[in-house]
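**Student:** Prediction below, plus the sequence it came from.
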Amino acid sequence: MNRHDYLEGERGTLYKEAETRIALVYPSPYRAAMSSLGYQQIYRTLHAMPHVAADRAMLPDEGDHERGLVTLETGQPVGGYPMIAYSVAYELEIAGLVETLTRANVPVLRDDRDRRHPLIVAGGPLTFSNPAPLLPFCDVIIVGEGEELIVELVTIARDCGFDRDKVWAAIADRPGYYLPKHGEHVPHVAAVDDALLPARSVIATPNTELADMFMTEAARGCSRGCTYCVMRRSTNGGMRIVPREAIIAGIPAGTRRVGLVGAAVTDHPDIAAIVRDVVDGKREVGISSLRADKLTDELVGLLARGGYRTLTVAADGASERMRRVVERSTRADHLIRSAELARAHGLKTLKVYMMLGVPGETDADVDELVALSKELAAIHPRVAYGLAPFVAKRNTPLDGTPFAGIGLVEDRLTRLRKGLHAAGLRGKVEVRPTSARWAWIEYMLAQGESVAGLAVMDAHRAGGKFADYKRAFEARGVSPTGPRARVPSSLELIALKKKRLSVTA
């Protein structure tokens, strides 16, 4: 699709004549960009500033080989804007930042740019854990919640004529900004005033993962202490609740689908009443995070009324023991109850998110998951596991924990599939894994320093395949800050490939 096609499908697009226009870039394609509440919130925030407007641009869709990068609202080249502001969600999007800068004809490396080039700014969820790999490319990184800092930064940049050296001097001692002078020492994350909550989406469009859904925060942060999560209480000071009345009052008239967003929405004390308000208004509802230990018959019934077809919960550890290791409060009986509720209310699928390769995990933990699968499948006719390898993140208690290893994760996945097959659950319990190879790359970036960003640039330019990243990490000497992750040898990778080809799921 071209930019005109995207614009024609949108409702709520902001147009404004302004003295200063900022290019707001998302380093993934449109479908992901417009599903990001944070991206839309910054879009709204910039437009609310006097004399300032924001024009959006995204990483082109796969297969789009057009040169250049232009904004949706104006069709102007991104490289001609005085500031390019990025929202980066996670480590693997750093390659998208490299690609969009290249398409914008802006030197990718900060040190190769001068005052003729745009000021490059980054923020977003990645900054809650480890923004260091972004540093080689960015002039300023906003760390944490950015609604207040982006206004301050744009105001200062306008006053400084978007001169990089003047901007650096003006914000050098202000909190919340990660600058080249800080090296590998990342400042503490920033938090905005609660009066600015909740974030709400601006644009509705059918061309996203969350088609035509109006998104609004129900809460920000999380009061739980899961040791793998960057949103845990030690990072952001706990969960900030948005009052029920404020959530409902902010839903525009005519909205047909409402998404309640937050790290732990079902921990909201009024969640059932909020969902009831939404569905009583004859709207569909979606929730970004369902906690199995918080599900009730009333809530699941309301979700079914609101259009739910799949009940998705997270367990994260393969066994009761592993869930205790990561301080996840979900127990097997919570998952069994989730299956019962999904069946009782006619939901077609029970989906459970799990992690493999959690520190201390053994084959016995995988076998326990097989046993639990028998119980779940006896209750609900369709169970699906979303399986992801564990990746240790900065600013969590498990920071520095080694990656389990591509081979080990593959072996655990094979063991699970064989166990399900032997238990007669093929076709009843579906396994949907993410790549262990790309999880290892994510790990190296999550635990790496700024040089890891240079490796992303090298790998992307070489073709962006796994082997390109492996060579780039080796060439740049990238290693985690904790116990060193062993890079798999070429012979090991060939053996793994042969093994996968020989295994029947």
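**Tutor:** Received it, and whenever you're ready, just let me know what you need.
**Student:** Could you chop the protein up by domain?
**Tutor:** Here the domain parsing of the chain from automatic domain parsing is 3-182, 197-436.
**Student:** Of these, which is nearest E474?
**Tutor:** Checking the domains of the chain against E474 by Cβ to Cβ gives domain 197-436 as the closest, at 15.3 Å. All C-beta spots, glycine's among them, are computed from the backbone N, C-alpha and C.
**Student:** Tell me which of the domains of the chain lies nearest to A459.
**Tutor:** Closest among the domains of the chain, using Cβ to Cβ: domain 3-182, at 7.4 Å.
**Student:** Please report how far the closest residue to K166 other than its chain neighbours lies from V313.
**Tutor:** Spatial nearest neighbour of K166, chain neighbours left out: C160 (3.8 Å); criterion: Cβ to Cβ, 6 or more residues apart in numbering. Counting by Cβ to Cβ, to the nearest Å, the gap from C160 to V313 is 49 Å.
**Student:** Let me have the domains of the chain in a markdown table, extended by distance to V451, mean pLDDT and mean neighbour count.
**Tutor:** What follows is the domains of the chain, written out as a markdown table (distance: least, Cβ to Cβ, whole Å; pLDDT from 0 to 100; neighbours: other Cβ atoms under 10 Å):
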| stretch | distance to V451 | mean pLDDT | mean neighbour count |
| --- | --- | --- | --- |
| domain 3-182 | 8 | 96 | 19 |
| domain 197-436 | 15 | 94 | 19 |
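**Student:** I'd like to know which of those is closest to Q447.
**Tutor:** With Cβ to Cβ as the criterion, Q447 lies closest to domain 197-436 of these, at 6.4 Å.
**Student:** What is the end-to-end distance of that closest one?
**Tutor:** Distance between the two ends of domain 197-436: 37 Å, counting by Cα to Cα, to the nearest Å.
**Student:** Ok, stretch 310-329 next?
**Tutor:** 22 Å.
**Student:** partner residues bridging V140?
**Tutor:** For V140, the beta-bridge partners are V121 (DSSP bridges).
**Student:** Wait, it touches L153, no?
**Tutor:** Yes - using Cβ atoms under 8 Å, V140 is in contact with L153, at 6.5 Å.
**Student:** got any residues that touch both of these two?
**Tutor:** Shared contacts of V140 and L153 (Cβ atoms under 8 Å, 6 or more residues apart in numbering): 121, 167, 171, 177.
**Student:** Tell me which two of those residues sit farthest apart.
**Tutor:** Farthest pair in these (Cβ to Cβ) is V121 and I171. Separation: 10.9 Å.
**Student:** Next, show the common contact partners of the two.
**Tutor:** 140, 153.
**Student:** just to revisit the earlier point, now that we have the domains of the chain, can you turn them into JSON lines and tack on distance to D458?
**Tutor:** Shown next, in JSON lines, are the domains of the chain (distance: least, Cβ to Cβ, whole Å):
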{"stretch": "domain 3-182", "distance to D458": "10"}
{"stretch": "domain 197-436", "distance to D458": "20"}
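**Student:** Nearest to V456, out of these?
**Tutor:** That would be domain 3-182 among these, by Cβ to Cβ, at 4.7 Å.
**Student:** and the residue nearest to K166, what does it touch?
**Tutor:** Contacts of C160 by Cβ under 8 Å, 6+ apart are 166-167, 170.
**Student:** Would you agree L295 is in contact with L341?
**Tutor:** Yes - contact criterion Cβ under 8 Å: L295 and L341 qualify, at 5.8 Å.
**Student:** Having no further points to raise, I will conclude here.
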